[in-house]
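> Need a 3D model of the following:
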Amino acid sequence: MLWDAGCALARDERLRLWTIEIEGRPISAQIFLAAGGEVSYWLGGFDETWAASKPALVTLLAAIEDAFARGDRRFDLGAGGQDYKYRFADAEESLITATLVPAGVTNWPARVSVSGRAARDRITSQMTPEQKQLVKKLLRRSP
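You can find the predicted model right below:
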């Protein structure tokens, strides 16, 4: 299914794959989806041995330049406030969501799950990016 979807999207240039190769070997690959004049950064990766050269940023810059050369109006870097995104962005939009849980005694597991996520979201919305990175680092270390 993914292969078929990818082929169909690529044929219409709605799936865009940008890569950097050194001596025939890929060192960066970034995937973007495009439709209706908007492009979304979907997924990417790079060879750590080339990290000092910032191949992911170079590839991302090429994709952004290409998108606007094609006439795309908006380039979405995805959720989260990572530093590299602020280097490219000139605006930031918030996505507001709501979770609805039907009333009733049988829905208590859903309510417990939602309340836990809501508490986490309230806490993290008040943290700085540095504090979030520290928590992530500590969680990676825990067994």
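> Tell me where the model's unsure across the chain.
105, 107-108, 111-112, 114, 142-143 (pLDDT under 70).
> per the record, what domains does it have?
Domain assignment for the chain, taken from automatic domain parsing, gives 1-95, 97-143.
> Out of those domains, indicate the one that is most buried.
Most buried of the domains of the chain by mean neighbour count (mean count of other CB atoms under 10 Å) is domain 1-95; its value is a mean of 13. (C-beta placed from N, C-alpha, C; glycine too.)
> Just the endpoints, please. Distance across it?
29 Å (CA to CA, to the nearest Å).
> how close does residue 117 sit to residue 57?
32 Å (CB to CB, to the nearest Å).
> what does residue 103 give?
For residue 103 relative to residue 57 (CB to CB), the value is 49 Å.
> likewise residue 66?
15 Å.
> Same check on residue 98?
35 Å.
> go on, residue 8?
Where residue 57 is concerned, residue 8 sits at a distance of 29 Å (CB to CB).
> try residue 17
17 Å.
> before we move on, what about residue 30?
For residue 30, the distance to residue 57 - CB to CB - is 10 Å.
> The strand ranked longest in the chain pairs with which strands, and in what direction?
Identified as the longest strand of the chain according to DSSP state E is strand 25-35. Strand 25-35 sits in its sheet next to strand 15-22 (antiparallel), strand 38-46 (antiparallel), going by DSSP bridges.
> residues making contact with that strand?
Residues from elsewhere that reach strand 25-35 (CB atoms under 8 Å, 6 or more residues apart in numbering): 9, 13-21, 39-47, 49-50, 55-56, 58-60, 63, 67, 72.
> circling back to that earlier point, let me know which of the strands paired with strand 25-35 is the nearest to residue 78.
strand 38-46 (5.1 Å; CB to CB).
> Give me the phi and psi angles of the residue lying closest to residue 40 once chain neighbours are set aside.
Distances taken as CB to CB, 6 or more residues apart in numbering place residue 76 nearest to residue 40, at 4.3 Å, with adjacent residues excluded. Phi and psi for residue 76, reported as degrees, to the nearest 10, are phi -100, psi 120.
> Many thanks, have a good one.
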